[in-house]
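Undergrad: A predicted structure for the sequence below; I have some questions about it.
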Amino acid sequence: MPKASSSYQGGYPFLSLPPLAVVVLGLAVAVAIGALGMRNLEAQQFTASALRAETLTRGLATRLSATSDGHWEAILTRASERSGADWLVAGPQGEAIFDNTGTPLTTVGVVQLIQIKSGKTTSDTNSAHFFATPIGTGGRYLIGFVALVAHPAASASLLNTLSAFTLLLVMAGTIVALSFVLDVRGEIHSVSERIESMARHDIAPGGEPIVVRATDQVGVLTKEFNELVERFRAAEAAYRQDLSGALDYDRDRTAFLAALSHELRTPLNAILGFTDILLSGADGPLSDDAHENLTIVRRSGGHLKRLIDDILDLSALESGQLHLKTEEIDLYEIAQEVLDEARVGAADKSLRITLSGTSASAWADPLRVRQILTNLVSNAVKFTARGSVELAVTEEPTGACFRIVDTGPGIARHEQAAIFEEYRQTGDRDANVKGTGLGLAITRRLVRMNRGTISLKSEIGVGTEFCVELPREPSSEQVDQSFPKSRPLNAVPERER
């Protein structure tokens, strides 16, 4: 609980947001005003340049019209030196008579400037305002180019004014925001102290209601928090009652399964043992009818034993009572033993059961790996009426792998995700084969406990492939053996029971 206390003492990070918001808002307003001011300043500079270009060009054109052509070049040169403007004298067809702009224009370009009369031109080096006016009545034109007038002093003055305004705005906003923050901080500190005291309780975490000291948003929040505390108390009480009932249920189920293991498995094993003795002919030969009846008894007893084993294994997995004893194993040897047993069980079927691959080492519990293989192979044999069941053992870069491929009916794509759930059998298998639907659920859990993976590929009418990969090396990491509980009986659909 000290950690909870220190988290409050570290401050209230969100309380710095109001001053920060004020600063950001002030800067945004200042930037907007600055942008507007610079835009107006540029507009004034443009207007001043246009007026200067028109004034200089008209005045010089009047002087040139009163002077002989031989003196024009000298007059234009002196005018350019004094005013800093560039001049272009063009003939009626746009041909250049005099040009000191440094950027020769085509006749078409000159004609366009004359037609436009006034505007702005931009080159690689600068921007200028031009003005075109006729020189007398001879069809010649004077075009003046005046660089845009810049006012550094005005820009500097605007920036200084803007900086001062921004500073004042931010200071005023910060003062207001800080006063608000200090007030809210006091209220939150009061609330946080009560929450700290609640967090330090070692009993029911409902705590005591917090006194409402304000009517603003913090007060509303405090009131809502008190209501939440009351609801939490009620939920906590209901939870503890449900938990107590669940624990009682788990204890009863464990006791029931223990009794089931003793009361059913012990006599069942005796029945199976005596049946095997009779079938072996140790007490003399049997008639055909007796042999057939005993075979049915042996098959039904084995089926019942598998159902009981599945239920007990699932219970052990859910309660965490199933523990692994991992060691280095050879998957190929285990696969040979499992397939030998499967061939005996499939003697009455026209199935081809094969094993391929080589020795492949893995680090796992040999008993549980054998159980995984037995579940998958027995399922393949059970659901494959004709064709083949193939088991391949290989070594992969990430571990040892075995694949079980059958030519059974296949599993629809929309049912593949649910096949690993408890009490589930997919497709028409429910009608043909009886079982608890726990085999694949247990298989997946055992694979995960051994730090392995299991995948499924299936196609209707083609068959199914299961691939299990197990690690090759031991790991010091603790395997998460916690799995969700199986659904209660009343939650299982009727057709799955």
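TA: Cool, the structure landed.
Undergrad: need the pLDDT of the spatially most central residue of the chain.
TA: When CA atoms, centre = their mean is applied to the chain, the residue found nearest the centroid is residue 417 (21.4 Å). Residue 417 carries a pLDDT value of 79.
Undergrad: and it, how far from residue 317?
TA: 20 Å (CB to CB, to the nearest Å). Every residue, glycine included, has its C-beta placed from N, CA and C.
Undergrad: helices or strands next to the helix or strand hosting residue 456 in the packing?
TA: When elements are assigned from DSSP states H and E, residue 456 belongs to strand 453-459. Counting contacts by 3 or more CB pairs under 8 Å, 6 or more residues apart in numbering; DSSP states H and E, strand 453-459 is packed against helix 413-416, helix 439-449, strand 463-470.
Undergrad: tell me the domain boundaries of this structure?
TA: Domain assignment for the chain by automatic domain parsing gives 1-200, 208-322, 324-496.
Undergrad: and among those domains, the most buried is which?
TA: Of all the domains of the chain, domain 324-496 carries the top mean neighbour count, a mean of 17, counting by mean count of other CB atoms under 10 Å.
Undergrad: and the residue of the chain most remote from its centre, what pLDDT?
TA: Using CA atoms, centre = their mean, the residue of the chain lying farthest from its centre is residue 68. It sits 83.8 Å away. pLDDT recorded at residue 68 is 80.
Undergrad: now it, what are its backbone angles?
TA: Note on residue 68: backbone dihedrals following degrees, to the nearest 10 are phi -70, psi 160.
Undergrad: next: residue 117.
TA: Per-residue torsions, residue 117: phi 80, psi -50 (degrees, to the nearest 10).
Undergrad: residues in contact with it?
TA: Shown in contact with residue 117 (CB atoms under 8 Å, 6 or more residues apart in numbering): 131-133.
Undergrad: columns secondary structure on top of those, output as TSV?
TA: Converted to TSV, the contacts of residue 117 look like this (DSSP: H, G, I helix; E, B strand; the rest coil):
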residue	secondary structure
131	strand
132	strand
133	strand
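Undergrad: format those residues as CSV; extra columns: distance to residue 238 and pLDDT.
TA: Formatted as CSV, those follow (distance: CB to CB, whole Å; pLDDT from 0 to 100):
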residue, distance to residue 238, pLDDT
131, 89, 88
132, 91, 86
133, 95, 86
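Undergrad: what strand or helix carries residue 382?
TA: In this assignment (DSSP H and E), residue 382 forms part of helix 366-383.
Undergrad: and for residue 363?
TA: Residue 363 is part of strand 361-364 when elements are defined by DSSP H and E.
Undergrad: and that strand, how far out from the chain middle?
TA: Averaging C-alpha positions (CA atoms, centre = their mean, to the nearest Å) puts strand 361-364 34 Å from its chain's average.
Undergrad: and the contacts of it?
TA: Contacts for strand 361-364 (CB under 8 Å, 6+ apart): 324, 326-331, 369, 395, 399-400, 450-452, 470-475.
Undergrad: restricted to strands, list these.
TA: Those of the contacts of strand 361-364 mapping onto strands are 327-330, 395, 399-400, 470, per DSSP state E.
Undergrad: what packs against the strand or helix carrying residue 32?
TA: Secondary structure from DSSP H and E places residue 32 in helix 17-65. If you count contacts as 3+ CB pairs under 8 Å, 6+ apart, helix 17-65 packs onto helix 72-83, strand 118-122, strand 127-135, strand 140-147, helix 152-199.
Undergrad: quick check, distance from that helix to the centre of its chain.
TA: 49 Å.
Undergrad: what angle separates it from strand 140-147?
TA: With axes from the mean of the first three to the mean of the last three CA atoms, to 10 degrees defining the directions, helix 17-65 sits at 150 degrees from strand 140-147.
Undergrad: pLDDT score for residue 355?
TA: 92.
Undergrad: next one: phi and psi at the closest residue to residue 408 other than its chain neighbours?
TA: Nearest non-adjacent residue to residue 408, counting by CB to CB, 6 or more residues apart in numbering: residue 384, 4.0 Å away. The phi and psi values for residue 384, taken as degrees, to the nearest 10, are phi -110, psi 110.
Undergrad: need the pLDDT of residue 384.
TA: 88.
Undergrad: perfect, that will be all.
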